[in-house]
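1. Sequence unavailable; structure follows:
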């Protein structure tokens with residue numbers, strides 16, 4: 001009995017020693033290093049630069065200043081008083097220094113009046129006949145005005161604040177007329193008293209010098225008849 005117990009004790013000690021030895025061996029053995037996982041290196045994505053289109057530089061607008069040379073000359077500016085029975089003449093020769101006017105001479109006429117007046121240009125020779133020739137409106141006449149023997153070069157009708165330009169087509173001494181007499185034939189103006197007016201004449205262009213000699217042309221002959229006489233003399 002004693003022997004059996006001893007055997008069991010020895011067996012137990014041996015088993016305990018084996019267990020202890022096994023634990024010691026395991027504790028001293030370093031754990032196995034796990035295999036490293038391969039890491040795939042992805043290169044960074046490099047953005048391809050998009051070329052920037054730069055619009056061409058716009059040149060600053062160039063302002064060209066053109067110097068305008070004007071030859072306009074105010075040749076007459078006058079104010080006065082008229083009635084329905086009076087008119088006023090303005091001789092280009094005596095008042096404005098134009099002995100003769102030539103083709104392509106240009107003028108601008110401005111008339112301001114408290115009552116409607118007629119403004120017209122005609123040859124200086126005809127202006128001497130105005131005391132007997134009175135322009136008036138007639139319903140049966142095409143154009144409205146009965147001029148009698150007057151042949152105006154340029155007309156402004158019933159002017160109260162009117163501007164008009166005209167260009168000469170012939171050579172002549174010229175007179176401008178501001179006429180209030182047409183109203184004397186209209187009942188609506190029968191009680192019209194004296195009224196004020198103003199006229200401005202501006203030379204806007206035309207020949208600057210004579211192209212031929214006008215000596216002796218102040219006679220009452222027409223320009224065409226004088227030219228015809230000169231041609232006959234040259235032929236002889």
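-> Cool, the structure landed. Note that this is a predicted model, so its numbers are computed, not measured.

2. okay, the residue nearest to residue 93 when sequence neighbours are not counted: pLDDT?
-> Once flanking residues are discounted, residue 93 sits nearest to residue 99: 5.1 Å by C-beta to C-beta, 6 or more residues apart in numbering. Using the backbone N, CA and C atoms, a C-beta is placed for each residue, glycine as well. Residue 99 carries a pLDDT score of 84 in this model.

3. And residue 142, by the same measure?
-> Residue-level pLDDT assigned to residue 142 equals 82.

4. do residue 71 as well
-> 76.

5. so it makes contact with residue 202?
-> No: Residue 71 is beyond contact range of residue 202, at 10.4 Å (criterion: C-beta atoms under 8 Å).

6. Specify which residue of these two has the higher count of neighbours.
-> residue 202 (17 against 10; other C-beta atoms under 10 Å).

7. Strand partners (parallel or antiparallel) of whichever strand or helix holds the more buried one?
-> Using DSSP states H and E, residue 202 sits within strand 195-205. Here strand 195-205 has these sheet partners by DSSP bridges: strand 73-82 (antiparallel), strand 106-123 (antiparallel).

8. Can you point out the buried residues in the shortest one?
-> Of all the residues in strand 73-82, those buried under the rule 16 or more other C-beta atoms under 10 Å are 75, 76, 82.

9. next one: stretch 172-184
-> Those would be 172, 173, 174, 175, 176, 177, 178, 179, 180, 181, 182, 183, for stretch 172-184 by 16+ other C-beta under 10 Å.

10. do stretch 183-199 as well
-> Those would be 183, 195, 197, 199, for stretch 183-199 by 16+ other C-beta under 10 Å.

11. who touches the last one in this structure?
-> With contact taken as C-beta atoms under 8 Å, 6 or more residues apart in numbering, residue 199 is in contact with 76, 77, 78, 79, 90, 109, 110, 111, 119, 176, 178.

12. could you measure it against residue 75, distance?
-> Distance, residue 199 to residue 75, using C-beta to C-beta, to the nearest Å: 11 Å.

13. before we move on, back to that, which one of the buried residues of stretch 172-184 is nearest residue 138?
-> For those, the residue nearest residue 138 by C-beta to C-beta is residue 182; the value is 10.3 Å.

14. re the thing from before, mind checking how far the residue nearest to residue 93 is from residue 128?
-> Applying C-beta to C-beta to residue 99 and residue 128 gives a distance of 17 Å.

15. before we move on, the earlier item: TSV for the contacts of residue 199, including distance to residue 166 and pLDDT?
-> Shown next, in TSV, are those (distance: C-beta to C-beta, whole Å; pLDDT from 0 to 100):
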residue	distance to residue 166	pLDDT
76	15	95
77	18	96
78	19	96
79	22	97
90	14	97
109	7	97
110	12	98
111	13	98
119	11	98
176	10	97
178	15	98
